[in-house]
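Novice: Pasting a predicted model and its sequence here:
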Amino acid sequence: MNYKKLIVDSGLRMLRGGYTVETWGNISARDPETNLVYLTPSGMDYTTIQEEDIVVLDLQGNRVEGHRKPSIELDLHLHVYRSRPEVQAVVHTHPIYSTVFSCCGEDIPMVIDEAAQVLGDVCRTAKYGLPGSQELAENCVEALGKTANACLLQSHGAVCVGQTMDEAFKVCKVLEVTAQIYQMIRAMGRDYKKISDEHIAAMRYFAKNVYGQK
């Protein structure tokens, strides 16, 4: 697989999907055969990034290829990969509805079936840490835990993970739709009806083992 092209294409996908604005957000992918991480460069317009701009590093953060300065959130991406061996893609977004809840320091519960199937667990808001800091990276990993596929960064945005880039983007989409629906429930002055743990487990199994073309 051409991982550099995957990162370039995914940057455009994030921008055009409305998951970020300008140069904010960052994306990485890990090659499971080499454990090398391919990461977006810092502060570059996603419409201008080329394959030669992608930075390649090992899991300790040593540069292997690329001449650009890597994303400021390099430590966050590496922390996620080191703590979650099954994860092969990380997408850090700045979506509107999800970020509203992050600014309140609130979690987003699994209020819809799609969230129960895709998000893995409640989407928790990580404690605040400055962008690019070791503290933020550690807080992100703590909020993700071992089962969640998404977390919020307080007053900052969201981090979504997957075993493939497509899976990570599915998490991005489902998280933002869930946040929008949850915000509308709250605006009505109502509370949501909790989906039982039993039904959540059944839907996770369905999504993983039954749904779609295998």
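Specialist: Happy to help now that I have it.
Novice: does the residue most central in space within the chain count as helix, strand or coil?
Specialist: Residue closest to the mean C-alpha point of the chain, counted by Cα atoms, centre = their mean, is Cys160 at 1.5 Å. What DSSP: H, G, I helix; E, B strand; the rest coil gives for Cys160 is strand.
Novice: Give the buried residues for the longest helix along the chain.
Specialist: Ranked by number of residues, the top helix in the chain under DSSP state H is helix 165-187. Neighbour-count burial for helix 165-187 flags 165, 167-172, 174-176, 178-179, 181-183 (criterion: 16 or more other Cβ atoms under 10 Å). For every residue, glycine as well, the C-beta is placed using N, CA and C.
Novice: cool, and stretch 77-96?
Specialist: Buried-residue list, stretch 77-96, by 16+ other Cβ under 10 Å: 77-81, 83-84, 87-95.
Novice: now do stretch 14-21
Specialist: For stretch 14-21, the neighbour count (16+ other Cβ under 10 Å) marks Met14, Leu15, Tyr19, Thr20 as buried.
Novice: Show me which pair in these is furthest apart.
Specialist: The largest separation in these, counting by Cβ to Cβ, is between Leu15 and Tyr19 at 7.6 Å.
Novice: ok now do the closest residue to Thr93 other than its chain neighbours, which residues does it touch?
Specialist: Counting by Cβ to Cβ, 6 or more residues apart in numbering, Thr93 lies nearest to Tyr19, which is 4.0 Å off, once chain neighbours are set aside. Listed by Cβ atoms under 8 Å, 6 or more residues apart in numbering, the contact partners of Tyr19 are Gly25, Val91, Thr93, His94, Pro95, Cys172, Glu176.
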